[in-house]
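1. Just to be clear, the model below is a prediction. Sequence and coordinates:
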Amino acid sequence: MRRWIMGIALSVVVVLSGCATLARQAFSPPVVTVTDVRVKGIGLQGGSLDLLLDVYNPNKYRIDANRITYQVWVDSSQIATGEIDHLVTLTPGGNSALVVPVRFTFAAVQRALVHYAQRGSVDYRVTGAFTLQTPFGSITRPYAGAGRLDSFR
């Protein structure tokens, strides 16, 4: 009897871990594009801005992310990091707008501001990860988006 119970328990563990592996493999990471940067405020030490992201979900199912982390890079300098910890729903096979509030210090963006003043543009990257809750546990998958902020748009 004891072997029988152990056999069933082991079978359940194997099936659930296999399902979790399949769920991870069936997930395609969202494609993130920065559509706009809006300065919200400037102070003595730094400021705040909103990054407007267009997030394309290539999957055939809706994604409910309960946590999204982000890092914002301007040229080679990381200027901000943070997380969104409320539910964000991405439509299946479609685009969703996401607003990411970012706080920065002038020390962090000083080099980028000099580059922007000289060239009129700066390259940026937004990287991070989406964490999804599934019946098989949490799945965390990375995303990245890049572009150029140009003053002559």
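-> Perfect, I can see it now.
2. Mind listing residues that contact whichever strand or helix holds Thr69?
-> Using DSSP states H and E, Thr69 sits in strand 63-74. Contacting residues not belonging to strand 63-74 are listed as 30, 51, 57, 78-90, 92, 98, 100, 102, 104, 109, 111-112, 122-133 [Cβ atoms under 8 Å, 6 or more residues apart in numbering]. For every residue, glycine as well, the C-beta is placed using N, CA and C.
3. Excluding residues flanking it in the chain, which one is nearest Gln133?
-> Asn66 (5.6 Å; Cβ to Cβ, 6 or more residues apart in numbering).
4. Just grab the bridge partners of Thr127 for me.
-> For Thr127, the beta-bridge partners are Gln71, Ala144 (DSSP bridges).
5. Near it, how many other residues are there?
-> Residues lying near Thr127 (other Cβ atoms under 10 Å) number 17.
6. can you pull the contacts of it?
-> Contacts of Thr127 were listed using Cβ under 8 Å, 6+ apart, and they are 70-71, 73, 142-145.
7. residue ranges with poor pLDDT in this structure?
-> For the chain, the stretches with pLDDT under 70 are 1-25, 135-136, 151-153.
8. can you pull out the helices in it?
-> Counting by DSSP state H, the chain has helices at residues 2-25, 106-119.
9. Compute the distance between the residue lying closest to Asp85 once chain neighbours are set aside and Val126, please.
-> Nearest non-adjacent residue to Asp85, counting by Cβ to Cβ, 6+ apart: Arg67, 5.4 Å away. Arg67 is 16 Å from Val126, where distance means Cβ to Cβ, to the nearest Å.
10. Among the contacts of strand 63-74, name the buried ones.
-> Neighbour-count burial (16 or more other Cβ atoms under 10 Å) is assigned, among the contacts of strand 63-74, to 30, 51, 57, 79-80, 84, 88, 90, 98, 100, 102, 104, 109, 112, 122, 124-130, 132.
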